[in-house]
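# show me how the following folds:
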Amino acid sequence: MGSKLKVAGLVSIGAVAGALATMQLQAFARGALGPLPLEELQQLAQVFGIVKQEYVEPVDEKKLISDAIGGMVQGLDPHSQYFDKKSFKEFREGTSGRFVGVGIEIGMEDGLVKVVSPIEGSPAFRAGLKAGDLITKIDDTAVKGLSMDQAVKRMRGEPNTKVSLQIFRKAESRTFPVTITREEIRVQSVRGKVIEPGYAWLRVSQFQDRTVEDFVRKVEEVYKADPNLKGLVLDLRNDPGGLLEGAVAISAAFLPSDAVVVTTNGQLPDSKATFKAAPENYLRRGGSDPLRRLPEALKKVPLVVLVNEGSASASEIVAGALQDHKRATVMGAQTFGKGSVQTVRQLTADTALKITTARYYTPSGRSIQARGIVPDVLLDETADGNVFAALRMREADLEKHLSTADEKKDEAREKAREEARKKLEEQMAKNQGTPKPLPEFGSAEDFPLVQALNQLKGKPVMASKTAVIERKAEAATN
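The predicted structure follows:
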């Protein structure tokens, strides 16, 4: 049982969909509320009174009310959420791409935190941390046994406070301590490089406030390095989503201004909308259009979009739009399937409600809710097949997800997942450790990226022989 929990923790990283949210800070008009169910409200008050008076220990009234609100929203779907002071702060950090910490992109290797890349200019960068370094201890706490989230929380903190890290550098076979002063970090959500003459790779890891500006800057760098690009790979693997306007803008970078990117439909009139690849659909009030700086060649350069089971929400909007308009070849694995829009309503200065307000549809009218985007070419994770794919969660696996009219329990997927889990556990027991981690995205060993480049060059592609389309996407009926 312990090994099963270990595996579940290992494979869930990067698979949980991020919020596709637009911030709406105005309060609801009181007149918008209809008649209230008085009998049920009286029952709620009665339960509140009983708990307050009879529970074994004194309880905080404000916490009771906060928990009641959280429970009410949690029962709706996996993506609606009540934000208390702490969680609202964390949510804003996630969408802004800013937080207080040491400034490293991390992964896990052999139960330790691995430095994937120090963020340029960050305290970790200045302290000399390098890609591949392993963090074995954070202050006085051993990293072995901590989850990635637990390790991240220990490294984050207040500005100008210090954190001590024990580093093992495999390349030099030495361990050494380093003390770093935390400061505000701005995450770069876009990476990119010219891989070889004529071909470039751009990776969007999340759709945050600064993603569009970062994307434009990175495209400018790529075209400066090689003005005669013959092909481009847009990598959206493990991109959990984020801000809707960011998805519209990235799509607009490759599409004509009159092209539909996504449509939404919900109960409120404001939730019924069509977003096109035009500035008014992705610019915030008073902002200038950063896409004007992009080279014209970007609209026509041959394009491959890489996706996998961790591509969700906003990244699925981009992949679906470019696929429907036949602007790109989508390659990889069937995506997460989060086809709903969340709106954030601020309640007080420190609390808010994130609530699902609409479903979204690709330009051709496809709903990807609980189905995902099906690639034009299915790929395995490695040349030897898939390692973790069958274990990864998708929208349809989440409890209380928005279901589709014809949805049925996928027994074949459940069976495949159980078989994959047993095989992985056997491998872990035999090797007394975790399986070899997948190569870093963008590296020379990145198998799907190599296949994407082959597609752009017109060379043979090693398409998956075992992957199957698990849930077919269908046209919207409403």
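# stretch 310-330: end-to-end distance?
End-to-end span of stretch 310-330 (Cα to Cα, to the nearest Å): 15 Å.
# now swap in stretch 121-130 and tell me
End-to-end distance (Cα to Cα), stretch 121-130: 13 Å.
# tell me how far it is from the chain's mean position?
25 Å (Cα atoms, centre = their mean, to the nearest Å).
# okay, buried residues for it please.
Going by neighbour count (16 or more other Cβ atoms under 10 Å), the buried part of stretch 121-130 is 122-125, 127, 129. To be clear about C-beta, it is placed using only N, CA and C from the backbone, and glycine gets the same treatment.
# just these: which are in helices?
123-125 (DSSP state H).
# from those residues, pick the one nearest residue 136.
Nearest to residue 136 among these is residue 124, at 15.4 Å by Cβ to Cβ.
# I'd say that closest one and residue 102 touch.
Yes. The pair residue 124 / residue 102 is scored as a contact, 4.5 Å apart, by Cβ atoms under 8 Å.
# mutual contacts of the two, please.
residue 180 (Cβ atoms under 8 Å, 6 or more residues apart in numbering).
# quick one: neighbours of residue 285, just the number.
4 (other Cβ atoms under 10 Å).
# can you give me the pLDDT of it?
pLDDT, residue 285: 73.
# what's the answer for the one 3 residues further on, then?
Residue 288 is assigned a predicted lDDT (pLDDT) of 89.
# give me the distance between it and residue 252.
In this view, residue 288 and residue 252 are 15 Å apart by Cβ to Cβ, to the nearest Å.
# which one of those two has more residues nearby?
Legend: neighbour count by other Cβ under 10 Å for residue 288 and residue 252, higher for residue 252 (26 against 9).
# distance of the more buried one from residue 260?
Distance from residue 252 to residue 260, by Cβ to Cβ: 11 Å.
# ok, now residue 123?
For residue 123, the distance to residue 260 - Cβ to Cβ - is 44 Å.
# kindly report the same for residue 84.
Taking Cβ to Cβ, one finds residue 84 at 38 Å from residue 260.
# neighbour-wise, which of those two wins?
Each of residue 84 and residue 260 has its neighbours counted (other Cβ under 10 Å); residue 260 has more, 20 against 16.
# so what pLDDT did residue 428 get?
Value for residue 428, per-residue pLDDT: 57.
# next one: residue 94
76.
# how deep is it tucked in, by neighbour count?
18.
# from the chain's centroid, how far away is the helix or strand hosting it?
In this structure, residue 94 sits in helix 85-96 according to DSSP states H and E. A distance of 15 Å separates the centroid of the chain from that of helix 85-96, by Cα atoms, centre = their mean.
# quick check: buried residues in it?
88, 91-95.
# residue 199 contacts residue 228, correct?
No. Judged on Cβ under 8 Å, residue 199 makes no contact with residue 228 at a distance of 10.7 Å.
# compare those two (neighbour count), which wins?
residue 199 (20 against 8).
# show me the shaky parts of this protein.
1-34, 388-394, 396-397, 399-400, 403-418, 420-436, 468-478 (pLDDT under 70).
# run through the helices of it in chain order.
Under DSSP H, the chain gives helices at 2-11, 38-54, 61-74, 85-96, 123-126, 148-155, 211-225, 244-252, 314-324, 411-431, 447-457.
# number of nearby residues for the nearest residue to residue 242 once chain neighbours are set aside?
Leaving out its chain neighbours, the residue that sits closest to residue 242 by Cβ to Cβ, 6 or more residues apart in numbering is residue 207, at 3.1 Å. Other residues lying near residue 207 total 32 when counted by other Cβ under 10 Å.
# quick one: residue 207 and residue 311, what's the gap?
12 Å.
# shared neighbours of the two, which are they?
With Cβ under 8 Å, 6+ apart, residue 207 and residue 311 have common neighbours residue 239.
# residue contacts, residue 98?
184-187.
# returning to what we had before: and the helices of the chain as CSV, adding distance to residue 343?
Below are the helices of the chain laid out as CSV (distance: least, Cβ to Cβ, whole Å):
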stretch, distance to residue 343
helix 2-11, 31
helix 38-54, 25
helix 61-74, 13
helix 85-96, 13
helix 123-126, 35
helix 148-155, 26
helix 211-225, 19
helix 244-252, 10
helix 314-324, 14
helix 411-431, 31
helix 447-457, 34
